[in-house]
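Chemist: Structure here, sequence nowhere to be found:
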């Protein structure tokens, strides 16, 4: 069954092809004989209640120096010949991202399969989504009130503070209840109590890595990528300089995946990434989960193949949609 697969992503010329999970998905789709189309956020539109897109034919190669060729882009209704849209735009989740999901909702209503479900992309803030599973999490507080955040820091001693809309470790602070810089950190993150901030009890097991567990159709890939902080930086994110080391899932990892997985599947989140530090779930990544290529390289996997097995097994009538 040959499909036409459109991808909504960041500019393909700016990616790091050796570790880009979106490229891995595109390479797998092309290997299976599926036609590829490419678009950016500015290529979406709505005409008379119909989702349109400016789509360019795309060929991809597993070549770090020359990994894509684009054809001439043309506007068309998304439902005209497009079977699958891979929604892979990186955060931040801002107003424009929100509007994208509303356009993609119209496409889904017309019969296009959008991976992941646009409503789920709206509902599942990647920081707050972990709080749907408090049995899996360390103590946490999400608040605008800086006084409450200060009280949380005093209660738990050492904490991590982060905005709700970031990625790659940007804007994350490690602090303490008696830190003389705590007020300044909270002013930076919360402003005048206008922006939500997440405070989490600091988990010392970060020294052994922030594990990324990839979930496909509600089940975990059997290996995680532990992103281990380097030097004096406490952040394990690869974008922040962390070192990625693959490891088999622990019993606790599998339990966390079993708690979260059914809800992901129910909401149409086919491909996600759980962040786990020690024994605790910290984030649920649904917009553009990464680390597939690193795990593929270390363990001889084909995670993109697993994703496309799940896509191709979907009921084309749409009766399996949440």
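Modeler: Arrived safely. Since this is a predicted model, take the numbers as computed values, not measurements. Residues are numbered from 1 along each chain as shown.

Chemist: State the mean pLDDT of the helix or strand hosting residue 114.
Modeler: Per DSSP states H and E, residue 114 falls inside strand 113-115. The average pLDDT for strand 113-115 rounds to 97.

Chemist: Run through who's touching that strand.
Modeler: Residues from elsewhere that reach strand 113-115 (CB atoms under 8 Å, 6 or more residues apart in numbering): 83, 84, 85, 86, 87, 104, 107, 108, 270, 271, 311, 314. For every residue, glycine as well, the C-beta is placed using N, CA and C.

Chemist: And for residue 10, the neighbour number?
Modeler: 15 (other CB atoms under 10 Å).

Chemist: And the one 5 residues further on, by the same measure?
Modeler: Counted by other CB under 10 Å, the residues lying close to residue 15 total 17.

Chemist: And for residue 179?
Modeler: Neighbourhood size, residue 179 [other CB under 10 Å]: 16.

Chemist: for it, phi and psi?
Modeler: Backbone torsions for residue 179, taken as degrees, to the nearest 10, come to phi -70, psi 120.

Chemist: do the same with residue 11
Modeler: Per-residue torsions, residue 11: phi -50, psi 120 (degrees, to the nearest 10).

Chemist: who's in contact with the nearest residue to it once chain neighbours are set aside?
Modeler: The spatial neighbour of residue 11 that comes closest, neighbours along the chain excluded (CB to CB, 6 or more residues apart in numbering), is residue 40 at 6.6 Å. Each residue near residue 40 by CB under 8 Å, 6+ apart is listed here: 8, 9, 10, 11.

Chemist: from the contacts of strand 113-115, which single one is nearest residue 189?
Modeler: residue 87 (27.6 Å; CB to CB).

Chemist: Just list whatever residues bridge to that closest one.
Modeler: residue 8 (DSSP bridges).

Chemist: What values do phi and psi take at the residue nearest to residue 145 when sequence neighbours are not counted?
Modeler: Of all residues beyond its chain neighbours, the one nearest residue 145 is residue 193 (5.6 Å), with distances taken as CB to CB, 6+ apart. Main-chain dihedrals, residue 193, degrees, to the nearest 10: phi 60, psi 30.
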